[in-house]
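Enquirer: What shape does this take:
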Amino acid sequence: MLKILFMGTPEFAAVSLRALLAAGYPVVGVVTQPDRPAGRGGKLRPSPVKEVALEHDLPLFQPRRLRRPEVIAQLKELGADLTVVVAYGQILSREALEISPLGAINVHGSLLPRWRGAAPIQRAIMAGDTETGVCTMWMDEGMDTGDICLTARVPIGPDATGGEIHDQLARLGAELLVETVRRVEAGDAPRIPQPEEGVTYAAKLGPEDEVIDWTRPAAELHNQIRALNPWPGAYTTGPRGRLKIWRASVAPNPDPGAEPGTVVAVVRREGFTVATGDGALLVREVQPHGKGRMDAQSYVNGGGAQVGTRFSP
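Expert: Okay, here's the model as predicted:
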């Protein structure tokens, strides 16, 4: 069987690593990002991929810069036949792509060439896409520009969240990766150049993406909220401070003349309705600052929102 050098960091990648191990492929080394501070205490936390590597007693590497010559040399000594890269978090140099004689295969959570880049799942949902998928790709020095090997498609439901699509694509991507490695081993793995038309870029999520701008149409805000659930979340600011909104739906606006960000209705057992730049948003699940998630009706019952309450970015 092919000897694999695996590079990846988050849970999306860990699912693929587990699948390769379950299929019996010898993983001769695992490369992941250095431990990062997490939580209020800032304690260093290992990546999900590191945790899998430790569970299986795999050789582990956490270089701050993969492109350093001594790092490349060390990884070449492992004798891998193929490099597999899944959400590693660093752009690979030509030297890194040539560590393994058969090259490098990547798993990417979109239907390339749409949504090349760092946040393809969230960007697809934020844009209102009704379909996405996962690709395995022969890596080159560009950003997700290599030839496609295999592709699988999945629908994006009207209320699907970023977390739900992430988990679905992680499982599907792992299955596709194992099949791709088998095809590489058999010598019949496809190489399909990406079309020049339809290229879009999924920019890394930033703090500005989390802010709810009530002047935007309700449909766009609905997509933003579900795309950022469960991470990092979308928020607004009201009389009681910052309020994250985890679940909402587009609703009729009973007061079309109301300023965007104004609560225009309280809907029994469901939540409260906020006017937007076009239509209204029925808020169903929230999280006040410093508290846990709760249904919007409980927030209303606690005096957090009533008709006339104003929210702003």
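Enquirer: Excluding residues flanking it in the chain, which one is nearest residue 93?
Expert: residue 67 (4.3 Å; Cβ to Cβ, 6 or more residues apart in numbering). For glycine as for every other residue, the C-beta is placed from the backbone atoms N, C-alpha and C.
Enquirer: contacting residues for the nearest residue to residue 58 once chain neighbours are set aside?
Expert: Excluding the flanking residues, the one nearest residue 58 by Cβ to Cβ, 6+ apart is residue 30, at 5.0 Å. By Cβ atoms under 8 Å, 6 or more residues apart in numbering, the contact list for residue 30 reads 6, 7, 8, 17, 49, 50, 52, 53, 58, 59, 60, 61.
Enquirer: how about these in CSV, adding distance to residue 36 and secondary structure?
Expert: Shown next, in CSV, are the contacts of residue 30 (distance: Cβ to Cβ, whole Å; DSSP: H, G, I helix; E, B strand; the rest coil):
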residue, distance to residue 36, secondary structure
6, 19, strand
7, 17, strand
8, 15, strand
17, 18, helix
49, 13, helix
50, 11, helix
52, 17, helix
53, 16, helix
58, 20, coil
59, 21, coil
60, 16, strand
61, 16, strand
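Enquirer: ok, the nearest residue to residue 26 once chain neighbours are set aside to residue 136 distance?
Expert: Ranked by Cβ to Cβ, 6+ apart and with sequence neighbours excluded, the top spatial neighbour of residue 26 is residue 3, at 5.1 Å. When distance is defined by Cβ to Cβ, to the nearest Å, residue 3 is 18 Å away from residue 136.
Enquirer: pull the longest strand from the chain.
Expert: strand 241-251 (DSSP state E).
Enquirer: I'd like the next helix or strand past it.
Expert: Counting by DSSP states H and E, the element after strand 241-251 in chain order, helix or strand, is strand 263-267.
Enquirer: orientation of that following strand relative to strand 241-251 in degrees?
Expert: For strand 263-267 against strand 241-251, the angle by axes from the mean of the first three to the mean of the last three Cα atoms, to 10 degrees is 70 degrees.
Enquirer: Can you work out which other helices and strands pack against strand 263-267?
Expert: Packing contacts for strand 263-267, counted by 3 or more Cβ pairs under 8 Å, 6 or more residues apart in numbering; DSSP states H and E, involve strand 271-275, strand 280-288.
Enquirer: Show the residue spans covered by the strands in the stretch 1-150 of the chain.
Expert: 4-8, 27-31, 36-38, 43-45, 60-61, 82-86, 104-108, 116-117, 131-138, 148-155 (DSSP state E, counting those that start in this stretch).
Enquirer: follow-up on the earlier one: so how far is residue 7 from the residue nearest to residue 58?
Expert: 8 Å.
Enquirer: List the residues that contact residue 42.
Expert: By Cβ under 8 Å, 6+ apart, the contact list for residue 42 is empty.
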